[in-house]
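**Student:** Kindly return the folded structure for what I paste below:
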Amino acid sequence: MSKYVIAIDQGTTSSRAIIFNHEGGIVSTGQKEHEQIFPKAGWVEHNPKEIWDNVREVIGQALSKANLTRHDIVAVGITNQRETAVVWDKNTGESVYNAIVWQDTRTQSIVDRLSADGGGDRFKDTVGLPLSTYFAGTKIVWILENVEGARERAEAGDLIFGTTDTWVLWNLTGGVNGGVHATDVTNASRTLFLDLKTLEWDDEILKAFDVPKSMLPEVRSSSEVYGTVSDSSLLREVPVAGILGDQQAATFGQAAFDKGEAKNTYGTGNFLIFNTGTDIVKSENGLLTTIGYKLGDGETHYALEGSIAVTGSLVQWLRDNLGIIQSAPDIEVLAKTVDDNGGAYFVPAFSGLFAPHWRSDARGALVGLTRFVNKGHIARAALESIAFQTREVLDAVNADSGVPLTELKVDGGATANDTLLQFQADILNVPVVRPVVAETTALGAAYAAGLAVGYWDNLDDLRNNWQEDKRWTPNMDDAERERLYRNWKKAVTKTLDWVDEDVAE
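**Tutor:** The predicted structure is shown next:
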């Protein structure tokens, strides 16, 4: 039997292929960034062809670095940026427009139109989500209404839709030559179209959005053989056997399989997922109800999620737009040149505020400035904003679940930042724990694929792979913690009610 599983991690800023061994250790990695396209303020796009080309390239990189071939790979798993929408012609394989990224806010007028009849929570009882520019559904509507000929081609059955897992799967399994048009339940639950109970596309909601059902992929479980890789790939004939949206994949990679377990991923944004088991828990505190995973014919596991739009991308913004750091790790060095934030608070509401506020009218603000504040304070305020936003989400999770979290498992690129994680523990007043394998998103997809083909026998195999790398414990007195958090919440109020018709124009 082959000895490894490969995971394709199609993320917001790059695509990666990571090969894992049976112990869940990383054997090799291939990675390539893709262009971030900003045609207008609030618009964020990716080129689907560039993404697919990069996926093919990073597969080759990973195999080459490990001196492996397809014969050494037992299965392929896919994980992805979830709500990013691609619409393409099934006959030519060409996208009709760039992928519209989850951070994009251009569809606010569509959200407003749909909200006019029933409010922002119009479909929440069915899909677990509020109406928001964040989710894929409104992005499909925008393409149908704004790309010439798209509506007619869609209604003729020529155009199909997918989040980027579906785009990768379709191309990987043959594209126009029999490519599999499917997604898993976790990605489907981020469209605004999936009934959480039946796991089927809701016809009434599709009618309200005026989206042809023929565009949508088949909904499958997170762990099963969807098809095999086509002859045009280095992985030809290898089964594609696992798909999980990136945040659910990270939760799976953290072995948070059971009710009451949680993780927080520090990536482009931050995403805290709390496993609610087989219960659909409706949030009263601004969280999303989503699907955690479904393994083959097994029961569906649900979760509460706190989605934060801008965390790691704030560091990228400080690097690329302001130039106050040269590389992402430099932010910790700069932040450590000062003892505190100097009274400055940075609320990075670049795409509005996501959980628990859901305020699309918000925009970023740097407040509390005096002549004393320098770039070190701004760097520290940026790091602290990541932790403050996580505190807001965790407060909402505790309120909804009624069971306070006693420790927080963390993963993602920013967890290499000790200063951030110490402040995170301090502001939460709970320990923060990082695993040995921090690439939990790709690992989760690998686990789902490996389970489907018997590479791993059961969830206990995966639990046994999890190992703690480092733990941060709170080291801040209560009065200081609450002072800082009170000022943060005051800063958040300064971002609200910014976008109106005048600003939008």
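
**Student:** The top helix by length along the chain: how far from the chain's middle?
**Tutor:** Looking across the chain with DSSP state H, the single longest helix is helix 375-401. Distance, stretch centre to chain centre, for helix 375-401: 18 Å (Cα atoms, centre = their mean, to the nearest Å).

**Student:** Could you do stretch 67-75 as well?
**Tutor:** In this view, stretch 67-75 has its centroid 28 Å away from the chain centroid, taken as Cα atoms, centre = their mean.

**Student:** Likewise for stretch 193-208?
**Tutor:** 22 Å.

**Student:** Identify each buried residue in it, please.
**Tutor:** Neighbour-count burial for stretch 193-208, counted by 16 or more other Cβ atoms under 10 Å, picks out 193-196, 199, 201-202, 205-206, 208. C-beta coordinates here come from the backbone N, C-alpha and C atoms, glycine included.

**Student:** Check stretch 19-29 too.
**Tutor:** The neighbour-count check on stretch 19-29 (16+ other Cβ under 10 Å) flags 19-20, 24, 26-29 as buried.

**Student:** just stretch 29-40 next, same as before
**Tutor:** Neighbour-count burial for stretch 29-40 [16+ other Cβ under 10 Å]: 29-32, 34, 36.

**Student:** pLDDT check: weakest of the residues you listed?
**Tutor:** Within these, Gln36 has the lowest pLDDT, namely 92.

**Student:** how about it, what does it touch?
**Tutor:** Gln36 sits next to 13, 44, 46 when contact means Cβ atoms under 8 Å, 6 or more residues apart in numbering.

**Student:** Out of the buried residues of stretch 29-40, which sit inside strands?
**Tutor:** Those of these mapping onto strands are 29-32, per DSSP state E.

**Student:** quick one: which of those is nearest to Pro435?
**Tutor:** Nearest to Pro435 among these: Thr29, at 16.8 Å, using Cβ to Cβ.

**Student:** picking that back up, out of the buried residues of stretch 29-40, flag the one nearest to Tyr266.
**Tutor:** Ranked by distance to Tyr266 (Cβ to Cβ), the buried residues of stretch 29-40 are led by Gln31 at 17.5 Å.

**Student:** Please name the nearest non-neighbouring residue to that closest one.
**Tutor:** Spatial nearest neighbour of Gln31, chain neighbours left out: Arg16 (4.4 Å); criterion: Cβ to Cβ, 6 or more residues apart in numbering.

**Student:** Could you report the pLDDT at Val503?
**Tutor:** At Val503, the model reports a pLDDT of 58.

**Student:** same deal with Asn54?
**Tutor:** Asn54 carries a pLDDT value of 97.

**Student:** just curious, which of the ones in strands among the buried residues of stretch 29-40 is nearest to Asp89?
**Tutor:** Nearest to Asp89 among these: Lys32, at 25.4 Å, using Cβ to Cβ.

**Student:** Quick check, the residue nearest to Gln31 in contact with Ile6.
**Tutor:** No. Arg16 is not in contact with Ile6 according to Cβ atoms under 8 Å; the separation is 10.4 Å.

**Student:** what residue ranges in this protein are flagged as low confidence?
**Tutor:** 1-2, 501-505 (pLDDT under 70).

**Student:** let's go with 80 and repeat that
**Tutor:** Low-confidence segments of the chain, defined by pLDDT under 80: 1-2, 232, 402-403, 500-505.

**Student:** Make sure I have this right: the residue nearest to Gln31 is in a helix.
**Tutor:** No. Arg16 is assigned strand when assessed by DSSP: H, G, I helix; E, B strand; the rest coil, not a helix.

**Student:** Pull up the gap between it and Gly162, please.
**Tutor:** Note on Arg16: its distance to Gly162, by Cβ to Cβ, to the nearest Å, is 19 Å.

**Student:** neighbour count winner among these two?
**Tutor:** Shown here are Arg16 and Gly162; by other Cβ atoms under 10 Å, Gly162 has more neighbours (27 against 24).

**Student:** Quick one: residues in contact with the helix or strand Lys207 falls within.
**Tutor:** Per DSSP states H and E, Lys207 falls inside helix 203-209. Helix 203-209 is contacted by residues 114, 123, 126-127, 137-138, 140-141, 192-193, 212-213, 216 when judged by Cβ under 8 Å, 6+ apart.

**Student:** Out of these, give me the two with the largest separation.
**Tutor:** Using Cβ to Cβ, the contacts of helix 203-209 reach their maximum pairwise distance at Thr126 and Pro212, which is 19.2 Å.

**Student:** if we can go back for a sec, cross the contacts of Gln36 against strands and list the overlap.
**Tutor:** Per DSSP E, these map to strands at His46.

**Student:** Quick check: chain neighbours aside, which residue is closest to Val111?
**Tutor:** Leu131 (5.0 Å).

**Student:** who's in contact with that neighbour?
**Tutor:** So Leu131 contacts 111, 114-115, 120-123, 138, 192 (Cβ under 8 Å, 6+ apart).

**Student:** do Asp340 as well
**Tutor:** Counting by Cβ under 8 Å, 6+ apart, Asp340 has contacts 377, 380.

**Student:** If we use 10 Å, what do you get?
**Tutor:** Asp340 is in contact with 377, 380-381, 384, 480, 484, counting by Cβ atoms under 10 Å, 6 or more residues apart in numbering.

**Student:** Give me the neighbour count for Gly120.
**Tutor:** Using other Cβ under 10 Å, Gly120 has 16 other residues around it.

**Student:** thinking again about what came up before, list just the nearest of the contacts of Gln36 to Val432.
**Tutor:** So of the contacts of Gln36, ranked by how close each gets to Val432 (Cβ to Cβ), first place is Thr13, at 23.9 Å.
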